[in-house]
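Engineer: Okay, here's the prediction I keep looking at, along with the sequence it came from:
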Amino acid sequence: MMSAQLQQQQSAADGAAPPALGNQSLGSDELPPVRNRASESKSPYVFLHADTPVAWQPMSEETLARAKAENKPIYMHIGFLADHLCHITTRDTFHNPTVAAFLNEHFVPIIVDREERPDLDAIYQNYSVAVNSISGWPLHLFFTPDLEPFFANAYLPAPGTVGEDGEACDLLTILQSNHRLWVEKEQKCREEAAKELEGLEKFVQEGALPLARAPNATATYDSDIEVDLDHVELAVSRIAKLFDPVHGGFGQPGEPKFPNPARLSFLLRLRECPDTVRDVIGGDEDVERATKMALQTLSKMKNSGLRDHIGEGFMRMSSTSDWNMPHFEKMVGDNALLLGVYLDAWLGNRKGTQLTNQDEFADVVLGLADYLISPAIQQENGGFISSEAAYSYYRKGEQHMTNGTFYLWTHREFDEVLGPEASNIAAAYWNVQEDGNVPQERDPSDEFLNQNILSAGNGVHELSTQHGLPVEEIHRIIASSKKKLLAHRDKERVRPPRDTKIIAGVNGMVISALSRSQAAAEAVGHSKSAEYIKRAEKAAQFIFDNLWLNDINTEGPNGGQHKVLHRYWNNGPSETLAFADDYAFLIEGLLDLYEATLSKRWLNWAQDLQDAQNRLFYDSPSAVNGTPSRRAAGSGGFYSTELQTISSNIPRLKSAMDILIPSVNAVSASNLYRLGSIFAESRYKQIALETIKAFDPELMEHHWIHQSLLANVITAKLGVEEVRIENQDLVQSQLAELRLRARGRARVLVEAK
């Protein structure tokens, strides 16, 4: 398909508009007039496009039928509200009348919020990488009317933009090229698109090899899996080759860096393993190496520009290896996962037997937890929003939003807000320069002229020596400065737009993180510690009341209706049902909430959700009966989506790869092991084992990108660690001991009968 993409670019060089599409109507006269339907969506990102002149359509059977009837190719835009480049594209491209007119006449334009349809985003990001080694947002995709892909690209600049080679490189040019291709070579386009779809189908075959299993296997539990603990050692060695020993983090030099909580969690969990495991995976030396990589990365991130040092929370990624050039959007789910990782770092790295708020990572844990329960993130109804955007107005009344404005500071502002003495110390601490601290090569358009991205440039001990003040006084000045800067920012600046979707899986991540953090916060006397559990329970109750609903299309046990989870809430439940990851992360959150409260309601709901997830997404070997298909292989493990779909040309993805966050199959296996121990249900443990076995080949060959599922191999070999409460008088002390331990292999609290 690369040849087709290059051909399109070359044919666009003359800049002439292609001829109008000929007789393309196949019953199209019967279709209603096309109109912009973005206003019908509950997605804030999609709704944002309701005032553009593009006739946006939803991803639906009706839309696909229109494309076939009119024989028009489909243009699909995938983006999300928090991303700055998505904002730029909407402002500069989709509001452009020429772009809109061309799109409306020659294509069927579909808009997708990647947070509403993560399945489509995952599949087509991989397609984009396959055909031109590009991924990211916004994603521009072109399909035949049968939804077979034939072109993909990421961000494209405003109409009229010329590249370094002197040729136009904007979306309008690509639209014209692809229209010409469709008009002049439709049959060839269809043939190559069919091949691309075939390639996508092969990509999604991960975890789809036949699973050997006896007919009565559900009644037994056999921990025999091909992957051994040696592969954990191999994964650590491979990860070490990707490690940046200077700045922490992982990846090739010059590439953007992401926090990668899945990998950091895996590395930290190894030190909590028993000696029998440590000996097999390389002994104390390899475990220490894994721990150091994680702790160094967390320490560098904590002090870097990736962190909002004034209001807390971490940005999504950095375009530089030192973490100091962030993409300024904040993803709530990412921050919840990072809270869990920093908590493990704090609990496992304490200086003595007791936790203190002077431990290295204590301030990050408490700051992150407070950020997640702040009014900006948790709505009054209890649900946690999805994200905060990268862009905002600097002051009320301005006409244009700019990138990172909410988080940038000038030295003059420091002087005005803090006064000269405190300003000198605070500016030195956060690396604030008179002329700004963004390198010119990172700011060719002078977007950040004289602006500073805060990072902890100087330590308090160094500042103490320089200014002749006690360390305690430096700490006091920094803390006071932070409060004043935060108050000034909240009063004078306009907070970035928020994506107010309350996503089930994201809320599960936050519920888990807050439930686990409460004990540590209480141990150091943090004033808001009691709020963490209350807020977690409020969110769980909101999801239960508003997103766990009767499924009118299916009949449940005893003639009633099954309940199903909906993906998100935004002024009502979404029509989009939850995906497997929503179930997995919500179940994990409820299990952690149960351990924090001992409330059986959360435990019982977790079991109900697990049964629903098994019914809807599990690739059961017994259900296939020897006739596997591309949508039901009978191999074990969980698909991301349900069996039914609006088009058979949308591949059904089953993956155990950690794409920065833990994979759905890894989280699901852990949940199943925990539930299997709590309820003494061998069927849960059997499904967990089958899930690991489904990915045996991938775990052995690509262990370092399946690390979260690889951690479940330890549980499969050793079983779940059960902490039993035998004496009700000791419940609180046993509970506290359990909750003040960092995560290792799967562990559960089991109450005596």
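Structural biologist: Nice, thanks for sending it over.
Engineer: List the buried residues for whatever helix or strand residue 293 lives in?
Structural biologist: For residue 293, the element it lies in under DSSP states H and E is helix 283-303. Applying a neighbour-count criterion of 16 or more other CB atoms under 10 Å, one finds 286-287, 289-291, 293-298, 300-303 buried in helix 283-303. The way it works is simple: take the backbone N, C-alpha and C, and place the C-beta from them, glycine included.
Engineer: what mean pLDDT would you report for the host helix or strand of residue 67?
Structural biologist: Using DSSP H and E, residue 67 sits in helix 61-70. Taken as a whole, helix 61-70 carries a mean pLDDT of 96.
Engineer: Stretch 460-470 now?
Structural biologist: Taken as a whole, stretch 460-470 carries a mean pLDDT of 94.
Engineer: And stretch 380-388, end to end?
Structural biologist: End-to-end distance of stretch 380-388: 17 Å, with CA to CA, to the nearest Å as the criterion.
Engineer: for it, which positions count as buried?
Structural biologist: Those would be 382-388, for stretch 380-388 by 16+ other CB under 10 Å.
Engineer: swap in stretch 696-707?
Structural biologist: For stretch 696-707, the neighbour count (16+ other CB under 10 Å) marks 696, 698-700, 702-707 as buried.
Engineer: Return the distance of the residue lying farthest from the centre of the chain relative to residue 454.
Structural biologist: Centroid-distance maximum for the chain: residue 468 at 45.2 Å, with CA atoms, centre = their mean. Distance of residue 468 to residue 454, given as CB to CB, to the nearest Å: 25 Å.
Engineer: Outline the domain layout of this protein.
Structural biologist: 2-203, 210-334+502-515+528-753 (automatic domain parsing).
Engineer: Can you add distance to residue 361 and give the ones you listed back as CSV?
Structural biologist: Shown next, in CSV, are the domains of the chain (distance: least, CB to CB, whole Å):
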stretch, distance to residue 361
domain 2-203, 26
domain 210-334+502-515+528-753, 7
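Engineer: If you average pLDDT over each of these, which is lowest?
Structural biologist: Across the domains of the chain, domain 2-203 has the smallest mean pLDDT, namely a mean of 87.
Engineer: Residue 238: what's it in contact with?
Structural biologist: Under the criterion of CB atoms under 8 Å, 6 or more residues apart in numbering, the neighbours of residue 238 are 703-704.
Engineer: 7 Å instead?
Structural biologist: residue 704 (CB atoms under 7 Å, 6 or more residues apart in numbering).
Engineer: cool, and residue 200?
Structural biologist: 123, 127, 651 are the contacts of residue 200 under CB under 7 Å, 6+ apart.
Engineer: ok, how many other residues are close to residue 153?
Structural biologist: Residues lying near residue 153 (other CB atoms under 10 Å) number 20.
Engineer: Quick check, it in contact with residue 133.
Structural biologist: No: the pair residue 153 / residue 133 is not scored as a contact, 10.9 Å apart, by CB atoms under 7 Å.
Engineer: those strands in the stretch 351-500 of the chain, which residues are they?
Structural biologist: Assigned by DSSP state E, counting those that start in this stretch, the stretch 351-500 of the chain shows strands spanning 387-388, 391-392, 402-403, 408-409, 452-453, 498-499.
Engineer: Tell me the backbone dihedrals of the residue farthest from the centre of the chain, please.
Structural biologist: Main-chain torsions, residue 468, degrees, to the nearest 10: phi 60, psi 40.
Engineer: For residue 425, see how far away it is.
Structural biologist: For residue 468, the distance to residue 425 equals 11 Å [CB to CB].
Engineer: and stretch 242-249, how far apart are its ends?
Structural biologist: OK, stretch 242-249 end separation, CA to CA: 8 Å.
Engineer: List the buried residues for it?
Structural biologist: Residues of stretch 242-249 classed as buried: 243-244, 247-249 (neighbour count, 16+ other CB under 10 Å).
Engineer: and residue 48, what does it touch?
Structural biologist: Counting by CB under 7 Å, 6+ apart, residue 48 touches 81, 90.
Engineer: let's number from 8 now, not from 1
Structural biologist: In the new numbering, first residue 8, that becomes residue 55.
Engineer: gap between it and residue 61?
Structural biologist: 12 Å.
Engineer: Kindly confirm my reading that residue 147 is in a strand.
Structural biologist: Yes: Residue 147 sits within a strand when classified using DSSP: H, G, I helix; E, B strand; the rest coil.
Engineer: mind listing the helices for the stretch 158-307 of the chain?
Structural biologist: 178-191, 193-210, 237-249, 268-276, 282-287, 290-310 (DSSP state H, counting those that start in this stretch).
Engineer: Between the buried residues of stretch 249-256, which sits nearest residue 442?
Structural biologist: For the buried residues of stretch 249-256, the residue nearest residue 442 by CB to CB is residue 254; the value is 23.7 Å.
Engineer: check contacts around the closest one.
Structural biologist: With contact set as CB under 7 Å, 6+ apart, residue 254 has these partners: 307, 328-330.
Engineer: By neighbours, which of these wins?
Structural biologist: For the contacts of residue 254, the largest number of neighbours (other CB under 10 Å) sits with residue 330, at 27 neighbours.
Engineer: ok, that residue - contacts?
Structural biologist: Per CB under 7 Å, 6+ apart, neighbours of residue 330: 254, 264, 307-308, 311-313.
Engineer: With distance to residue 571 added, can I get those in TSV?
Structural biologist: Compiled in TSV, those are given as follows (distance: CB to CB, whole Å):
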residue	distance to residue 571
254	44
264	38
307	42
308	38
311	41
312	42
313	37
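Engineer: Any figure for the gap between residue 526 and residue 280?
Structural biologist: Distance of residue 526 to residue 280, computed by CB to CB: 22 Å.
Engineer: again with residue 493
Structural biologist: The gap separating residue 493 from residue 280 is 40 Å, by CB to CB.
Engineer: what's the answer for residue 727, then?
Structural biologist: In terms of CB to CB, residue 727 sits 14 Å off from residue 280.
Engineer: Tell me how many other residues crowd the closest residue to residue 113 other than its chain neighbours.
Structural biologist: With CB to CB, 6 or more residues apart in numbering as the measure, residue 186 is the residue that lies nearest to residue 113, at 4.7 Å, once sequence neighbours are left out. By the criterion of other CB under 10 Å, residue 186 has 25 neighbours.
Engineer: got it, and residue 127?
Structural biologist: By other CB under 10 Å, 21 other residues sit near residue 127.
Engineer: Report the contact partners of it.
Structural biologist: 85, 119.
Engineer: If we use 6 Å, what do you get?
Structural biologist: Shown in contact with residue 127 (CB atoms under 6 Å, 6 or more residues apart in numbering): residue 119.
Engineer: Show me the helices in the stretch 508-657 of the chain, by range?
Structural biologist: With DSSP H, counting those that start in this stretch, the ranges of helices along the stretch 508-657 of the chain come out as 511-530, 536-553, 587-604, 607-624, 628-631.
Engineer: The longest strand anywhere in the chain to helix 511-530, inter-axis angle?
Structural biologist: The longest strand of the chain (DSSP state E) is strand 555-562. Orientation check (axes from the mean of the first three to the mean of the last three CA atoms, to 10 degrees): strand 555-562 against helix 511-530 gives 140 degrees.
Engineer: re earlier: which of the contacts of residue 207 lies at the shortest distance from residue 600?
Structural biologist: residue 130 (32.3 Å).
Engineer: How far does the helix or strand where that closest one lies sit from its chain's centre?
Structural biologist: Assessed by DSSP H and E, residue 130 sits inside helix 125-139. Put simply, helix 125-139 sits 15 Å off its chain's centre (CA atoms, centre = their mean, to the nearest Å).
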